[in-house]
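# return atomic coordinates for the entry below.
(2 chains)
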Amino acid sequence: MAAVELTSLRKSYGTTPVVKDLSLSIGSGEMVALLGPSGCGKTTTLRMIAGLEVPDAGKISIDGREVDAPGLHLPPEARRLGMVFQSYAVWPHRTVAENVEYPLRLKGLGRAEREAKVKQALGWVRLEALAGRRPDALSGGQLQRVALARALVGDPRVLLLDEPLSNLDVQLREELRAEIASLRSRLGTTMVYVTHDQAEALGLADRVAVMNKGVLEQVAAPQVLYGEPATAFVARFVGGANVLEGVSDGTSVRIGATVLTCEAPLTLPTGRGQLVVRPEDLSVTPGDGPLLTARLFLGGATEYHFNLGEHALKALAPASAELQMGSPARVTLRRARWFPL
Amino acid sequence: MRRLALAAPLLLFALLPLGRLVAEGLGHLDAIATAEARRALSGTLLTSSGAALFAFLLGLPLAVLLVRTDLPARRALRAIFTLPTALPPFIFGMGWVALANPKAGLLNLALGEGTLDIYGSAGIAFVLGGCGLPLVVLAASASLERVDASLEEAARLCGAGPLRTLAHVSLPLALPAALSGAALVFLFSASAFGVPYLLGVTASPPTTTLTTHVYGLVLMGHGGLASAGAIALVLLTLASAVLLASRLASRAGRVRLSSGKGIKLRPLALGPWRAPLGVAAIAIAGVLVALPLGAVFLTSLEPSFGRLENLSLQHWDRLLHTPRVAEAALRSVGLSLAAAALVTLLGLAYAVGRTRLGNVGRALELAAAWPYAVPGTVLGMGLLLTFSMDWRVVIGGKLTFVLALANTLWLVLIAYTARHLAFGVRHASDGLSQADPSLTEAARVCGAPPLRAFLDATLPQLKAPLAAAFTLTFLTCATELTLSVLLVPTGQDLLGTVLFELMSYADPAAASVLAGGFVLIVLTVLAGRTLLVRRPA
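Numbers count the residues shown, from 1 in each chain, chains lettered A, B, ... in the order given. A predicted model of the protein is given here:
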């Protein structure tokens, strides 16, 4: 049975549609990441699952029971979920332990049971030592761990995470990402994870749902998403691919005045279409072709920028002393995908 | 139902009095054609524009110096210059009577009898301008704090010296805000009652203003009430016109000054001008704030007015043992606490209602704002006219509600609450808009129903603004004068009316004891709050 079932969800703010006809099924114990640029509707979708937003149309079921349907809206407090917010949302007037205890108090649990569960939950996020502290004495990473403990302590049916790491600096982000992964394997909680960071989504989730302008572009396992993007948008957003409109004759692609040739054995369908090629799938050698406009040394490799008329092309290749700024280069395709128009 | 519950008190105690005042006033327009009424109007116009001009000319350069430069003792000076907002202007008026009374004023004792005369229009404008100064300083400062220091640094690099930079760059940037601050000083002065009464009525020739004229007419009893309403209507019209004009002007002159990045406020080095300008600012603060307050304390210690020998606490001792004063103090404290509690609670209710009820909520907020926006005399007259008779509401021919508020403390409580409701709404709205909604949402997801989530997660975030609204209301009501003199029931004095009576008629030393005591309380509260705020997190 699906833990969360979204059926034809729609939501608009005023006349602006934010989520358009979205359907998604999330299995029990599964972790699904909602990935997309800001404004794509991913947070709105998560907030509808939480009950914080009311869908305009469509249905939401949790553990097989409808919580949203035409004429039905179960308020958030009746859904038995846990949620972690981008802004931590740790109550500043309560200690760490009191924050974590709050859901248990609302459930009416006895004192001994509450204390035991709070202790356990703080143990999960390694915060036992800070139980009596006030939130204003905590760092961002610690605050987000308090929020995690609070969201998990009541044994939620689904844990919702809304960009939980985006307010943290790089090092803390990686630390907490590992923590969330280990918590998940330990507790087996179903999770829905909203993020705009593809590394987070690909690294953590069983399946990634890529959203764009309120529509699901592709739902797939991370490897599939990366290897076989279903749309040009997914390729660009997930792999950072170049997306160029042009005409293909099977072994080369003409983009404006520039021709990019395929290295054998690569062949492409013929006709007008969108060429999707990752920077690391391009070879760059001195020769006649597009002009090099920028060169960024990244350590292991160098990023080369070329000017293709109205498009810019990014390539990732070993550093080459022969390539000069403003000089032409020969750019060839080792691997690419083609979406006919 | 909820809408009705929120709207009813406003309809009854804010909008009904306004309507009643307009109706009564329009019915007695002959009262505004008299010579006294014309004198009162010109008195108000003269003293208020004088006060506004004085506050503007002094406040604008002060704000520039305090916000943008390395003037010595900036923080202390800012605190001193904003102090008058926390004290009733009447107390400053008393201080100036003690200092510049032509016969026995302390300054005249030093400078020679009759050198200075605080009585009359010029004195009223001076005292009110000094009390209104913070309005200009605060408005101009707020606008200057949004200006990036790079604007001034650019002028320095172009070759301008510090004074030229301030005059050509900083001053023009603060000008629109300072002008709307000056309009507020005009409103504040036109609304003032205590100072023009104290310094105008006994001047020769007497200076009357609209507010003191209204009071005079009300004292005449029932016959004068309707005429007083007509004069109050003139005051309302004047105040509304000024308010509207300043709103329009500030909308037209609004500049977006802040860039997206964090604003750098590097103080401009005044160089050789630092010491002389610092001394000048300290001297002005001394004259406008320290001198009159000091004079009040001194008067409370003098054996008789204007005599500096044998200072003693005999007046303090005498007043503390006067039952009438103790009763008035008790009554005032009780009323002010009740009004502060009501203002805080209702303010919260209206602020929440505004976010939930859409247009109805906005209309309610506007209705809640008007009793504060108009002069106190206008609100007082409205309530007086409306509730001078009993209201009977008969429901279904059986249940009868009688609202008999005339000559009761209840009407004073209603007036205090209606007058300051805007504080409560403003503070609660600001608090709500700064409150983090995800804290409340987190409580909902944890299993709290809406009301519980509000109490557990939203309300704790509003503690500071609600406490500020409570304190502010309490302090202003404790010595409130303008509404009190109109509405106080006979034989039930309040602190403000006792102070007014002692000062105006009989016993300036006793009045100074009361005023001095109040200044001490306010300073203690302010100091306590500063210490609490500065406590490290």
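
# make it CA atoms for all contacts and neighbour counts henceforth
Noted.

# need the residues of chain A near chain B, please.
A:50, A:52, A:76-85, A:87, A:89-91, A:93, A:102-103, A:106-107, A:136, A:151 (Cα under 8 Å from any Cα of the partner chain).

# helix or strand: which one has the residue of chain B found nearest chain A?
Taking Cα to the nearest Cα, chain A has its nearest neighbour within chain B at residue B:447, 3.7 Å off. Here residue B:447 sits in a region with no helix or strand, counting by DSSP states H and E.

# return the residues in contact with the closest residue to it other than its chain neighbours.
Distances taken as Cα to Cα, 6 or more residues apart in numbering or on different chains put residue A:77 closest to residue B:447, at 3.7 Å, once the chain neighbours are dropped. Taking Cα atoms under 8 Å, 6 or more residues apart in numbering or on different chains, we find residue A:77 in contact with B:444, B:445, B:446, B:447, B:448, B:449.

# any idea how far the helix or strand hosting residue B:110 is from the middle of the chain?
If you go by DSSP H and E, residue B:110 is part of helix B:106-111. Helix B:106-111 sits 31 Å away from the centroid of its parent chain (Cα atoms, centre = their mean, to the nearest Å).

# mean confidence score for the helix or strand following that helix?
With elements assigned by DSSP H and E, the helix or strand that comes after helix B:106-111 is helix B:121-144. Taken as a whole, helix B:121-144 has a mean pLDDT of 92.

# can you check stretch B:87-102 too?
Averaging pLDDT along stretch B:87-102 gives 90.

# gap between the closest residue to residue B:446 other than its chain neighbours and residue A:149?
Nearest residue to residue B:446, sequence neighbours excluded (Cα to Cα, 6+ apart): residue A:103, at 4.9 Å. Residue A:103 is 11 Å from residue A:149, where distance means Cα to Cα, to the nearest Å.

# again, but for residue A:121
In terms of Cα to Cα, residue A:121 sits 5 Å off from residue A:149.

# between these two, which contacts overlap?
Shared contacts of residue A:121 and residue A:149, counting by Cα under 8 Å, 6+ apart, come down to residue A:100.

# so which of these two has more stuff around it?
A count of neighbours by other Cα atoms under 10 Å in any protein chain shown puts residue A:149 above the other of residue A:121 and residue A:149, at 28 against 24.

# strands of chain B, residue ranges please.
With DSSP state E as the criterion, chain B has strands at B:391-395, B:399-403.

# the strands in the stretch 101-250 of chain A, which residues?
Taking DSSP state E, counting those that start in this stretch, the strands of the stretch 101-250 of chain A run over residues A:158-162, A:190-195, A:207-212, A:215-220, A:242-248.

# extract the C-alpha trace of the last one and format it as PDB.
Spelled out, it's strand A:242-248. Taking C-alpha atoms only, strand A:242-248 is exported to PDB below (Å, rounded to 0.1, in the frame of the first residue of the first chain):
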ATOM      1  CA  ASN A 242      23.900  22.100 -22.400                       C
ATOM      2  CA  VAL A 243      20.600  22.300 -24.200                       C
ATOM      3  CA  LEU A 244      21.000  23.700 -27.700                       C
ATOM      4  CA  GLU A 245      18.500  24.000 -30.500                       C
ATOM      5  CA  GLY A 246      19.800  22.900 -33.900                       C
ATOM      6  CA  VAL A 247      19.600  20.700 -37.000                       C
ATOM      7  CA  SER A 248      21.200  17.300 -37.100                       C
END
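
# now what about the helix or strand following that strand, what contacts it?
Counting by DSSP H and E, the element after strand A:242-248 in chain order, helix or strand, is strand A:252-255. Strand A:252-255 is contacted from outside by A:244, A:245, A:246, A:247, A:248, A:259, A:260, A:261, A:262, A:308, using Cα under 8 Å, 6+ apart.

# parallel or antiparallel, which strands does strand A:252-255 pair with?
When pairing is defined by DSSP bridges, strand A:252-255 lines up against strand A:242-248 (antiparallel), strand A:258-262 (antiparallel).

# which of the residues in it are buried?
A:252, A:253, A:254, A:255 (16 or more other Cα atoms under 10 Å in any protein chain shown).

# what bridges to the third one?
Beta-bridge pairing for residue A:254 (DSSP bridges): residue A:247, residue A:259.

# residue numbers of chain B in contact with chain A?
So chain B meets chain A at B:436, B:438-439, B:441-449, B:457, B:460, B:537 (Cα under 8 Å from any Cα).

# tell me which two in those residues are the farthest apart.
Pairwise distances among these were taken by Cα to Cα; the largest, 31.3 Å, belongs to B:449 and B:537.

# between those two, which one's more packed in?
The residue with more neighbours, out of residue B:449 and residue B:537, is residue B:449; 16 against 6, by other Cα under 10 Å.

# got the domain ranges for chain A?
Following automatic domain parsing, chain A resolves into domains at A:2-235, A:242-340.

# pLDDT of the shortest one, averaged?
Taken as a whole, domain A:242-340 carries a mean pLDDT of 87.

# measure it end to end?
15 Å.

# please compute how far it lies from its chain's middle.
27 Å.

# next: the first one.
Relative to the chain's own centre, domain A:2-235 is displaced by 12 Å; criterion: Cα atoms, centre = their mean.

# now the terminal residues of that domain, how far apart.
Termini of domain A:2-235 sit 28 Å apart (Cα to Cα).

# pull out the buried positions in stretch A:131-150.
Quick answer for stretch A:131-150 (16+ other Cα under 10 Å): A:131, A:134-135, A:140-150.

# same thing with stretch B:164-175?
In stretch B:164-175, counting by 16+ other Cα under 10 Å, buried: B:165, B:166, B:169, B:170, B:171, B:173, B:174, B:175.

# list just the nearest of these to residue B:473.
For the buried residues of stretch B:164-175, the nearest to residue B:473 is residue B:174 (29.6 Å; Cα to Cα).

# who's in contact with the closest residue in space to the closest one that isn't next to it in sequence?
Excluding the flanking residues, the one nearest residue B:174 by Cα to Cα, 6+ apart is residue B:140, at 5.2 Å. By Cα under 8 Å, 6+ apart, the contact list for residue B:140 reads B:60, B:63, B:64, B:174, B:175, B:177, B:178, B:181.

# of those residues, which pair is most distant in space?
B:64 and B:181, at 14.2 Å, using Cα to Cα across the contacts of residue B:140.

# tell me which of these two has more neighbours.
Between residue B:64 and residue B:181, counted using other Cα under 10 Å, the more crowded position is residue B:181 (27 against 21).

# give me the nearest residue to residue B:383, chain neighbours excluded.
residue B:17 (5.2 Å).

# next, find the distance separating the one you found from residue B:371.
10 Å.

# need the residues touching each of the two.
residue B:379.

# so these two - more neighbours on which side?
Set residue B:17 next to residue B:371 and count neighbours by other Cα under 10 Å: residue B:371 wins out with 27 against 23.
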